[in-house]
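Novice: Below is the sequence, then the predicted model.
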Amino acid sequence: MDEVSLGFGRYRLDLNRRQLLRDQRPVPLGSRALDVLCVLASARGALVTKDELMTQVWPGVVVEENNLQVHVSALRKALNPEESGQTCIVTVPGRGYRLIGFESIAPTTEEPVAGAQARSPERAKSHLYRAPPAAASVVAVSAPIALPLPERPSIAVLPFQNMSGDPEQEYFADGMVEDIITGLARIKWLFVIARNSTFLYKRQAIDVKEVGRQLGVRYVLEGSVRKFGNRVRVTGQLIDAASASHVWADRYDRALNDIFALQDELTLAVVGAIEPSLRQAEIERAKRKRPESLGAYDLYLRALPYAFASMPDTAEIALPLLEQAIAIQPDYAAAHAAIAFCRHARYQRGELRQEDKTSALCHARLAIANGGDDATALAAAASVIGSLDRDYAVAFSAFERALILSPSSALTLTFSAILHAWAGDDEIAVDHATQALRLSPFDSLTHITYSALAYTHFFAGRFEEAVAAASHSMRANPQYSPPCVTRIAALVNLGREDEARANMQHLFELRPHFTITRFLAIDFTSSERLDMLANALRRAGLPE
């Protein structure tokens, strides 16, 4: 029989002599670990299931699966991926293992190295040690190269560590990571590395900077899962791969009742928290770029903090940047949606100029026409069309599409909540607002989310809840006037006129020319609700 060796960087495995060498020196390995390595090597990169491994390495013996995991772990340490530059043993979750990153070496006629394990006649008969056919494919070994960063923000989600010692939690952790990758991949502006690439790093010592270099990503998400009693704890941290600095970190503790429902809940929470954190990190990055190097995306990022503040003065800052962005990229749906939102703010809280309304609707429709796969663009455009044109059919259809694309988008849920509140769909408004706050409690748009809750609670007669939600909205954005109006109306209905008058002073500071008629002219609910709000504002003493 021809003798065959396989190379792993500085390592060489002699299948027939059952030797693992590093720089021509034997590497000490236990007999079972070497058996596992030979089985995997003989498969020539194909998947070897756990059952096949245990049958061949422990023939006729019933063993626990963790015995196999112990020997695989020993092999990974022996093959030292940090120095070889390759992750050789890959776990295929729930199935088995593959050996990758090797190359064939010509048959050797060297004498066995002293101390090498001899083959028994029984082992020689095993198919584990047969030479692969000459036509077998060869996988060349090469040092990993640095990949260029894509234009969009990019992220790799690494396998979460199972810290509990419970093999069943491995499936939970792997499944959660797969769902997180799927959820992030729905975000139009994000470049997400596929799981087949990131799972190569499973159970490896991770250098985040090196992972970023090898995969060509700006951000890396890593985490862990630990089971204790009937509870499970999941931690996650988002890291800037270039600087190794933390962008976001959180911990989730839940009861382990329905593990699959729990997995879904945690996945939504993580994805929902990551999106605004990434967006803010990208905004900060764009601020550091030189103006002459700005492309359409960077211009959009620079405008973003001002575009959705719902204020005319901030809209004036955002609009020139956004106009430049669409001049570079005319079909940029997200930029069109942001322009629509800015024009909407200028119309509603400005001079009610018809040209602002017309422009807002025009850009909103362009955003929907060009943004069929961009949840952010669809949601912002739907908000504008629903409020300015009262075309709820188009708006709610766009929200539905956006939530199919990105069900964990706090931004989409926020815009949906406020429009459903205006439309009188109280149950949906509260549900979407609550989901948005759970997914992203510190989002820059929480003033809109809480305003939707305040509005809905007021018309449902829950005036205490309306006051509380309006107060949250005002703290989140002290310059945003609608929750101040709702709070005044709710306080009057609670008989707290002194507090209402104090809020009126703040309202006139924000909008010196406020009148009930003017405010109701830009409200979008039913006449019965308008009468309820108007009566409360009149009792407060606001000018007609």
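Specialist: Perfect, I can see it now. For clarity, every value in this text was computed on a predicted model and none was experimentally measured.
Novice: which SS class is Leu53?
Specialist: helix (DSSP: H, G, I helix; E, B strand; the rest coil).
Novice: Would you check that it makes contact with Tyr97?
Specialist: Yes. Between Leu53 and Tyr97 there is a contact under Cβ atoms under 8 Å: 7.1 Å. In this view, the C-beta of every residue, glycine as well, is placed from N, C-alpha and C.
Novice: Overlap in contacts, the two.
Specialist: Residues touching both Leu53 and Tyr97 (Cβ atoms under 8 Å, 6 or more residues apart in numbering) are Leu40.
Novice: In this protein, what helix or strand scores lowest on average pLDDT?
Specialist: helix 121-125 (a mean of 33; mean pLDDT, DSSP states H and E).
Novice: quick one, strands of the chain?
Specialist: For the chain, applying DSSP state E gives strands covering 5-8, 11-14, 19-22, 25-26, 48-49, 89-92, 96-99, 103-105, 154-157, 161-162, 191-192, 219-228, 231-240, 245-255.
Novice: Excluding residues flanking it in the chain, which one is nearest Val211?
Specialist: Excluding the flanking residues, the one nearest Val211 by Cβ to Cβ, 6 or more residues apart in numbering is Val220, at 5.5 Å.
Novice: And Val394, by the same measure?
Specialist: What sits nearest to Val394 in space, not counting adjacent residues and going by Cβ to Cβ, 6+ apart, is Ile385, at 5.5 Å.
Novice: The one you found and Ala452: what is the separation?
Specialist: Distance from Ile385 to Ala452, counting by Cβ to Cβ, to the nearest Å: 17 Å.
Novice: Of these two, which one has the most company?
Specialist: Ala452 (29 against 25; other Cβ atoms under 10 Å).
Novice: Ala417 is in contact with that one, correct?
Specialist: Yes. Taking contacts as Cβ under 8 Å, Ala452 lies within contact range of Ala417: 4.0 Å.
Novice: what is in contact with those two at once?
Specialist: Common contacts of Ala452 and Ala417, defined by Cβ under 8 Å, 6+ apart, comprise Ala429, His432, Ala433.
Novice: Could you report the neighbour count for the first one?
Specialist: If you count neighbours by other Cβ under 10 Å, Ala429 ends up with 25.
Novice: What of the second one?
Specialist: Counted with other Cβ under 10 Å, the burial measure for His432 works out to 26 neighbours.
Novice: Could you tell me how far it is located from Glu400?
Specialist: The gap separating His432 from Glu400 is 12 Å, by Cβ to Cβ.
Novice: where do the helices sit along the stretch 51-200 of the chain?
Specialist: Under the criterion DSSP state H, counting those that start in this stretch, the stretch 51-200 of the chain contains helices at 65-79, 81-84, 121-125, 167-185, 195-198.
Novice: That should have said the stretch 201-350 of the chain, apologies.
Specialist: Using DSSP H, counting those that start in this stretch, the helices of the stretch 201-350 of the chain run over 208-215, 259-287, 296-307, 312-328, 333-346.
Novice: Can you tell me which of those is packed in deepest?
Specialist: Ranked by mean neighbour count, the helices of the stretch 201-350 of the chain are led by helix 333-346 with a mean of 28 (mean count of other Cβ atoms under 10 Å).
Novice: Determine the number of other residues adjacent to Met54.
Specialist: A total of 19 residues lie near Met54 under the criterion other Cβ under 10 Å.
Novice: Among the helices of the stretch 201-350 of the chain, which one carries the weakest average confidence?
Specialist: Mean pLDDT per stretch puts helix 259-287 lowest among those, at a mean of 73.
Novice: and the angle for that helix with strand 245-255?
Specialist: Put simply, helix 259-287 runs at 160 degrees to strand 245-255, going by axes from the mean of the first three to the mean of the last three Cα atoms, to 10 degrees.
Novice: which strands and helices sit next to helix 259-287?
Specialist: Counting contacts by 3 or more Cβ pairs under 8 Å, 6 or more residues apart in numbering; DSSP states H and E, helix 259-287 is packed against helix 167-185, strand 219-228, strand 231-240, strand 245-255, helix 296-307, helix 410-423, helix 426-439.
Novice: Can you list the helices and strands that the fourth one packs against?
Specialist: Applying 3+ Cβ pairs under 8 Å, 6+ apart, one finds that strand 245-255 makes contact with strand 231-240, helix 259-287.
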